[in-house]
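# Got a predicted structure plus its sequence, pasted below:
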Amino acid sequence: MNHLPITDPLPEIHLGIKAAEVASKAVMEIYQNDFKTNLKNDNEPITEADIQSNEIIKKILADSGHVILSEESPDDDARLTADRVWIVDPLDGTSDFVNKTGEFTIMISLVEKKVPVLGIISQPTTGSLFIAQKTKGSFAWDGNQWTKLAVSNESELRKCRIVGSRFHISDDERRIFDGLNTAKFTSLGSSLKVIEICKANAELYFTLTDKIKQWDTCASNCIVTEAGGKITDTKGKNLEYNTSFLNHKDGIIVTNGIIHNEIVKTCENFYQTS
């Protein structure tokens, strides 16, 4: 990888990229062989890849001295009073990992005063890396070069393309999708749904569930915002991070920004009539 495309990068970004790269290699070794799948207390799947990735990332990020909030580690209340906190999903899309779709990622982000200031997403199966720093832009590494990410400028909803979850889409979400009468709907795993919006390959992703947690969105938040898009809950409120309650209780909406208010209104109307 050549020099970073970000001017005045935060020193933590180098640690974050290193952690993502090392963890990606370990995850792929497991992916290419037989592995066991267990269930956590919430009935979500967990594999050796989740655990190994978590340990690798924690060890590398520890050099920063910042508290780490990770899906696969006990929560440390010390983070609530810390200025900067890492928020990590060591394997986003475990169901995709188990089902061998290739659509899983590693997500690492840095939060300052409840706002993401760094976002790093790695797709181990392709070697792709997506990074962003607050006010410095979003970029994709394809193994050879960096390219700047920018959302589409599509403003007509009927021409918009939706991405939705491959394994976790609800009947209510399907009804809203159908009612929008958009041009295309694609099922996709993990944070790659947001990446498609950042690449201008889609304009909308949303979910009504209250099960999405901060590590599921934090890195994506920084990357899509810096690509010119927008992410809020379904009521249009900005997402906060490093708070005591980890769930986004009102779901999330991710768009190219232009259609965002229209989608918030659609969700509002759905809540009122359902």
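Yes, it's here.
# just the strands in the stretch 151-274 of the chain please.
Using DSSP state E, counting those that start in this stretch, the strands of the stretch 151-274 of the chain run over 161-165, 184-188, 204-207, 230-232, 252-255.
# Nearest to Met28 among these would be which one?
strand 184-188 (19.6 Å; C-beta to C-beta). C-beta coordinates here come from the backbone N, C-alpha and C atoms, glycine included.
# now the strands of the stretch 151-274 of the chain in TSV, with distance to Phe130, mean pLDDT and mean neighbour count?
Formatted as TSV, these follow (distance: least, C-beta to C-beta, whole Å; pLDDT from 0 to 100; neighbours: other C-beta atoms under 10 Å):
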stretch	distance to Phe130	mean pLDDT	mean neighbour count
strand 161-165	15	94	21
strand 184-188	14	93	15
strand 204-207	15	96	24
strand 230-232	15	98	23
strand 252-255	14	98	25
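# Tell me which of those lies nearest to Ile56.
Closest among the strands of the stretch 151-274 of the chain, using C-beta to C-beta: strand 184-188, at 25.6 Å.
# Given that closest one, what are its sheet partners and their directions?
strand 161-165 (parallel) (DSSP bridges).
# neighbouring contacts of the strand it pairs with?
Strand 161-165 is contacted from outside by 173, 177, 180, 182-189, 193, 196-197, 201-205, 207, using C-beta atoms under 8 Å, 6 or more residues apart in numbering.
# at 10 Å instead, please
With C-beta atoms under 10 Å, 6 or more residues apart in numbering as the test, strand 161-165 has contacts from 93, 95-96, 152, 154, 170, 173-174, 176-177, 180, 182-190, 192-197, 200-207, 209, 254-256, 263.
# Just the buried ones out of these, please.
93, 95-96, 152, 154, 173, 176-177, 180, 182, 185, 188-190, 192-197, 200, 202-207, 209, 254-256, 263 (16 or more other C-beta atoms under 10 Å).
# what bits of the stretch 51-200 of the chain have low per-residue confidence?
Counting by pLDDT under 70, the stretch 51-200 of the chain contains no low-confidence range.
# What segments of it are helices?
For the stretch 51-200 of the chain, the helices defined by DSSP state H, counting those that start in this stretch cover 94-98, 171-180, 192-198.
# thought Arg175 was touching Phe270?
Yes - if you go by C-beta atoms under 10 Å, Arg175 and Phe270 touch, sitting 7.8 Å apart.
# bridging residues for the closest residue to Trp215 other than its chain neighbours?
Once flanking residues are discounted, Trp215 sits nearest to Asp89: 4.1 Å by C-beta to C-beta, 6 or more residues apart in numbering. Taking DSSP bridges as the rule, Asp89 bridges to Met107.
# tell me, how many neighbours does Asp89 end up with?
Around Asp89 there are 30 other residues, counting by other C-beta atoms under 10 Å.
# Can you tell me which of the strands of the stretch 151-274 of the chain is nearest to Ser70?
strand 252-255 (19.7 Å).
# partners of the closest one, with directions?
With DSSP bridges as the test, strand 252-255 is paired with strand 204-207 (antiparallel), strand 230-232 (antiparallel).
# From the opening residue of stretch 201-221 to its closing one, how far?
Distance between the two ends of stretch 201-221: 17 Å, counting by C-alpha to C-alpha, to the nearest Å.
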